[in-house]
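**Q** With the input below, show me the fold.
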Amino acid sequence: MNPTTEVLVIDDLFDESTISELKSNVEKHFNANLLTTDYIDITKSIIDCHGLALSDTAYFPYSEKCWNVLCLKIKKNVYLYSESLGIDPVSVIPYSCWAERSINASAEHIRPIEGVVEFDSPLRPNGNYVRDAADIVKDLDGQVRKHFLRSVYSLESYDSSYGTVIQFDNQFKWTKVESKDNRLIIYDGGSYKSTQYYPHVPGKCNIIFDWYINEPYDVPDWILPVT
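**A** Numbers count the residues shown, from 1 in each chain. Okay, the predicted model is just below:
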């Protein structure tokens, strides 16, 4: 596929009712479906080919309405983004959806503002942050060897400066997409390294939903309905 530097940004994705339901349901997964808690909390998959975690629904529609709304809304926009890349949307397959949130991070994980190079604007309000090392999106287990797209939904932004950074064409120049409540961004995570910036205190929460391009074709383990 031909990579692109474009990032699709969609604001005001959900209504207040859906946002409230998502916040309540995400909290359940941080409490009972947690993968790791170190410098941020990360849940296990909330939805994947096995169904909706913490429920008895293995297939769409799931038992909680907010996850049905999220899947279909993000799918619609991922399809639009894939079309802009010249990719047949039919070949775009959901892979995994999970949540991450900031916590009170220990001192060894906190980095000062001086560690950030050539951003368009500084991190606020105090310049300290935590993050994973930047990397391309891939199946860490090596089972799905396809090209990945990444969507990041900001459920709680904390501050606009703690957003997503993507390394496009220059390893010393990063593009930052600012964080905003109820904002979805979609980008070519399989071509470019990226990472999410979090404050070292509670207040920011992302829902991350990865997709892959099913080329060459394999029978997918997870499908969502045509909208």
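**Q** Please point out which parts of the lowest-mean-pLDDT helix or strand in the chain sit buried.
**A** Within the chain, no helix or strand scores below strand 173-177, which has a mean of 77 by mean pLDDT, DSSP states H and E. Neighbour-count burial for strand 173-177 flags 174-177 (criterion: 16 or more other C-beta atoms under 10 Å). Where you see a C-beta, it was placed from the backbone N, CA and C, and this is true even at glycine.
**Q** On the three-state scheme, residue 87 is what?
**A** Of the three states, residue 87 takes coil under DSSP: H, G, I helix; E, B strand; the rest coil.
**Q** Against residue 167, how distant is it?
**A** Per C-beta to C-beta, to the nearest Å, residue 87 is found 22 Å from residue 167.
**Q** hang on, isn't residue 159 packed against residue 179?
**A** Yes - with contact defined as C-beta atoms under 8 Å, residue 159 reaches residue 179; the gap is 7.1 Å.
**Q** Which residues are in contact with each of these two?
**A** Common contact partners of residue 159 and residue 179 (C-beta atoms under 8 Å, 6 or more residues apart in numbering): residue 204.
**Q** more neighbours, the two?
**A** Between residue 159 and residue 179, counting by other C-beta atoms under 10 Å, residue 179 is the more crowded of the two (23 against 17).
**Q** in a strand, that's where the more buried one is, yeah?
**A** No - looking at residue 179 with three-state DSSP, it is coil, so not inside a strand.
**Q** any idea how far it is from residue 48?
**A** For residue 179 relative to residue 48 (C-beta to C-beta), the value is 25 Å.
**Q** Could you pull out the helices in this structure for me?
**A** Using DSSP state H, the helices found in the chain span residues 16-32, 65-84.
**Q** Looking at those helices, which is nearest to residue 143?
**A** helix 65-84 (20.9 Å; C-beta to C-beta).
**Q** Okay, angle between that closest one and helix 16-32 too, please.
**A** Taking axes from the mean of the first three to the mean of the last three C-alpha atoms, to 10 degrees, one finds helix 65-84 and helix 16-32 inclined to each other by 100 degrees.
**Q** which ones are touching residue 19?
**A** 155, 182.
**Q** how close does it get to residue 85?
**A** 29 Å.
**Q** Need the pLDDT of residue 168.
**A** Looking at residue 168, its pLDDT is 80.
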